[in-house]
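> Mind looking at a prediction? Sequence and model below.
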Amino acid sequence: MMERFRRMTPPFFKGESDPILAESWLWETEKIFRAIWCAKEERVTLATYMLQECADVWWSSVLHTQFGDGAIEVVWAEFICLFRAKYIPEQVQDRMKQEFLTLTQGSMSVLEYEARFAELSKYAPHIVADERRKVKKFIMGLKPSLRMRLVALGHHSMEEALSAACMQEAEMEVYLEVKRASLKRPAFAFQWQDRKKKAPTF
């Protein structure tokens, strides 16, 4: 299993103080576990193999003080709790959760908004666990012009909602480009017609 895991080029974690990096490492590592069908009892060994520097020192200390230098098995769910308590403090998780709950597209593109939505959604599992609630939250955070169109269409999965939002955004950009071009042409045409109407001077 270790060889299969390493072939997926899993990320290292050195104990950086940025909670987003810590959460991202955890997220990417779990994604690899799902891809290689890794059993839960093997996950702690594989994940902690990727810890370096400060993070490796921290985990060695935890094993020594809480798990008898590895004599006591550490289950994956327990590792996640310990890791988050160390590198993603509760107040940070609360702040990220609040940001997710109030997140709107604003000046972001649909893809930028979706990326931030996915990044913060990990802090609100009670919402993202329900696909319909997750989709509704995503749609309600879109710009009003996009939101109105997607609400009317009705979507039941994030894939459908994201695809539709990107399509609507592209159509709106084309429409606005055509409109901008059409606003320039009449002025030129008017000036040309105005010149033609002027009486010749002798």
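Here it is on my side, so go on.
> and L162, what is it in contact with?
When contacts are counted by CB atoms under 8 Å, 6 or more residues apart in numbering, L162 touches 110, 114, 138. Yep, even glycine has a C-beta here, placed from its N, CA and C like the rest.
> three-state assignment of it?
helix (DSSP: H, G, I helix; E, B strand; the rest coil).
> just to revisit the earlier point, scan the contacts of L162 and report the most crowded one.
Comparing the contacts of L162 by number of neighbours (other CB atoms under 10 Å), F138 comes first, having 25 neighbours.
> And the strand or helix carrying that one, what's buried?
Here F138, judged by DSSP states H and E, is contained in helix 131-140. By 16 or more other CB atoms under 10 Å, the buried positions in helix 131-140 come out as 134-135, 137-139.
> Could you check how many residues crowd around Y175?
10.
> Need the three-state assignment for it.
Going by three-state DSSP: Y175 is helix.
> Please tell me how far it sits from S145.
Distance of Y175 to S145, computed by CB to CB, to the nearest Å: 10 Å.
> mind listing the helices for this structure?
2-7, 19-35, 40-49, 53-66, 76-87, 90-101, 110-121, 125-128, 131-140, 144-153, 158-197 (DSSP state H).
> Next, format the ones you listed as JSON lines and append mean pLDDT and distance to F13.
Compiled in JSON lines, the helices of the chain are given as follows (pLDDT from 0 to 100; distance: least, CB to CB, whole Å):
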{"stretch": "helix 2-7", "mean pLDDT": "91", "distance to F13": "15"}
{"stretch": "helix 19-35", "mean pLDDT": "91", "distance to F13": "4"}
{"stretch": "helix 40-49", "mean pLDDT": "94", "distance to F13": "9"}
{"stretch": "helix 53-66", "mean pLDDT": "94", "distance to F13": "5"}
{"stretch": "helix 76-87", "mean pLDDT": "91", "distance to F13": "8"}
{"stretch": "helix 90-101", "mean pLDDT": "90", "distance to F13": "16"}
{"stretch": "helix 110-121", "mean pLDDT": "92", "distance to F13": "17"}
{"stretch": "helix 125-128", "mean pLDDT": "85", "distance to F13": "22"}
{"stretch": "helix 131-140", "mean pLDDT": "94", "distance to F13": "27"}
{"stretch": "helix 144-153", "mean pLDDT": "87", "distance to F13": "37"}
{"stretch": "helix 158-197", "mean pLDDT": "77", "distance to F13": "27"}
